[in-house]
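Trainee: take a look and give me a structure for this.
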Amino acid sequence: MKKGILLVLLTAIISGFSIFINQFGVSVINPYVFTGLKNIVVAVMLGCLLLAMKERRLLKDLKKKQWLLLLVIGLIGGSIPFLLFFKGLFLTTAAQGSFIHKTMFIYVMVFATLFFKERINKKLLFGGLFLLLGNAFLLKFIPHSLSQGDLLILLATLFWAVENIISKHVLKELPPRIVAWGRMFFGSAFILIFLVITGQVGLIININSNQIIWVLVTSVLLFGYVMTWYSGLKHMPVSLATTILLLGAPITTLLTFISTGIISRIEILGAGLILVGVILILKLIYKIKPQEKKLCQD
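Mentor: Here you go, the predicted structure:
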C-alpha cells in the first residue's frame with residue numbers, strides 16, 4: 001500500500017510538470033502528430049524495457065481475452081483520449097486543462113462503486129473536493145461555461161476514467177509494465193491509423209529539430225507517468241489513486257507562477273484548501289487497517 005501511494009504521488013508530480021510543458025510542445029507542432037509521435041516513442045521505450053528484462057515470454061503466454069483487454073485499453077486509454085486532450089489543450093489553457101483533468105476522481109469513484117463495489121469513503125470524497133476547489137482557486141478557473149477545448153478535455157477525462165477501471169481489473173493478472181506497454185503500443189497503432197485516414201501522416205516527415213526536442217522531452221515525462229501510475233495502481237484502490245493525482249494541479253500552477261511571477265490572495269486561499277484536502281486524505285491512508293490494505297490490493 002505504501003509503495004503504491006509513493007508511486008502515485010510521483011505520478012502526480014510528473015503530471016503537474018507534464019501538463020505545463022506539454023502546452024509549449026502542442027503550440028509548435030500539430031497536436032495530433034505531437035501526441036502520435038510521443039506515444040510511439042514511449043511504446044518503443046516500453047518495448048525495449050520488456051526485452052531488456054526478458055519478459056517476452058509473458059507476452060507469448062497472454063490469453064486471447066487478455067490481448068483483447070490490452071487492445072481496449074490502447075483504444076480508450078492510449079489513443080482516443082490523447083487525441084481529444086491535446087487538441088483541447090491547443091484550444092484552451094494549461095490551467096483549465098489541468099483542472100478539468102483532475103475531476104477524473106469523481107467519475108472513477110462512481111465507476112469503482114458500480115463495478116468494484118468500492119464504498120465511497122466520506123473523508124476521501126471531502127478530501128478530493130477540497131483539493132478540487134483549491135485547484136479551482138489556484139488555477140483561477142471557476143467553471144461557469146466550457147469552451148470547445150474544455151469539452152474535448154472533459155471527454156478525454158471520461159475516457160481515461162473508464163480505462164483506469166479496466167486497467168485496475170487487468171492488473172490483477174498482468175504486471176504493470178505489460179499493461180503500460182499494451183496501452184501505448186495499441187494506442188500508437190490507432191493514432192497512426194487516424195493520421196493516415198485524415199491525411200496528416202505526411203506531417204511527421206516535415207517536423208524540425210526544435211519540434212523533435214519537444215517530442216522527446218514530453219515522451220520521457222509520459223514514460224515516467226505510465227510506469228509509476230500502473231505500478232502504483234496495482235497496489236491501491238483506483239478511487240484513492242485518482243484522488244492523489246489531484247496534487248498535480250498545484251505543481252502546474254506553481255510552474256505558471258514561476259514563469260509569470262504573479263500570485264494573488266485567491267491563489268493563497270486555494271493553497272490553503274489544498275492543504276486541508278491533503279490532511280484529510282493522509283489521515284484516511286494512515287487509518288487503513290491491515291485487512292483493508294489486503295482488500296485494496298485484491
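Trainee: any regions of the stretch 1-150 of the chain where pLDDT drops low?
Mentor: Residue ranges of the stretch 1-150 of the chain with pLDDT under 70: 94-95, 118, 120-121, 135, 138-145.
Trainee: all helices for it, in order.
Mentor: With helices called from DSSP state H, counting those that start in this stretch, the stretch 1-150 of the chain shows them at 2-26, 31-52, 56-60, 64-78, 80-91, 94-101, 104-115, 122-138, 148-170.
Trainee: could I get those as TSV with distance to Thr218 and mean neighbour count?
Mentor: For every residue, glycine as well, the C-beta is placed using N, CA and C. Putting the helices of the stretch 1-150 of the chain into TSV (distance: least, C-beta to C-beta, whole Å; neighbours: other C-beta atoms under 10 Å) gives the following:
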stretch	distance to Thr218	mean neighbour count
helix 2-26	5	20
helix 31-52	6	20
helix 56-60	27	11
helix 64-78	15	19
helix 80-91	10	24
helix 94-101	13	24
helix 104-115	20	19
helix 122-138	22	21
helix 148-170	16	20
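Trainee: closest one to Phe185 among those helices?
Mentor: Closest to Phe185 of these, according to C-beta to C-beta: helix 31-52, at 4.5 Å.
Trainee: which strands and helices lie in contact with the closest one?
Mentor: Contacts defined by 3 or more C-beta pairs under 8 Å, 6 or more residues apart in numbering; DSSP states H and E place helix 31-52 against helix 56-60, helix 80-91, helix 176-197, helix 209-233.
Trainee: hang on, the earlier thing: with distance to Phe190 added, can I get the helices of the stretch 1-150 of the chain in TSV?
Mentor: Formatted as TSV, those follow (distance: least, C-beta to C-beta, whole Å):
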stretch	distance to Phe190
helix 2-26	19
helix 31-52	9
helix 56-60	19
helix 64-78	6
helix 80-91	7
helix 94-101	21
helix 104-115	21
helix 122-138	31
helix 148-170	12
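Trainee: any idea how far stretch 204-217 is from the chain center?
Mentor: Centroid displacement of stretch 204-217 relative to its chain, using C-alpha atoms, centre = their mean, to the nearest Å, is 23 Å.
Trainee: Asp150 contacts Ile100, correct?
Mentor: Yes: because the distance of 5.9 Å satisfies C-beta atoms under 8 Å, Asp150 is recorded as touching Ile100.
Trainee: from Ala161, how far off is the nearest residue to Leu158 once chain neighbours are set aside?
Mentor: Excluding the flanking residues, the one nearest Leu158 by C-beta to C-beta, 6 or more residues apart in numbering is Tyr107, at 6.0 Å. For Tyr107, the distance to Ala161 equals 4 Å [C-beta to C-beta, to the nearest Å].
Trainee: again, but for Arg56
Mentor: Distance from Arg56 to Ala161, by C-beta to C-beta: 32 Å.
Trainee: could you do Phe130 as well?
Mentor: For Phe130 relative to Ala161 (C-beta to C-beta), the value is 20 Å.
Trainee: quick check, pLDDT for Gln297.
Mentor: Looking at Gln297, its pLDDT reads 42.
Trainee: could you look up the SS state of Gly199?
Mentor: coil (DSSP: H, G, I helix; E, B strand; the rest coil).
Trainee: correct me, but Gln200 touches Ile29?
Mentor: No: Gln200 is not in contact with Ile29 according to C-beta under 8 Å; the separation is 11.4 Å.
Trainee: more neighbours: the two, which one.
Mentor: Legend: neighbour count by other C-beta atoms under 10 Å for Gln200 and Ile29, higher for Ile29 (22 against 14).
Trainee: ok, that one - contacts?
Mentor: By C-beta atoms under 8 Å, 6 or more residues apart in numbering, the contact list for Ile29 reads Ile207, Gln211, Trp214, Val215.
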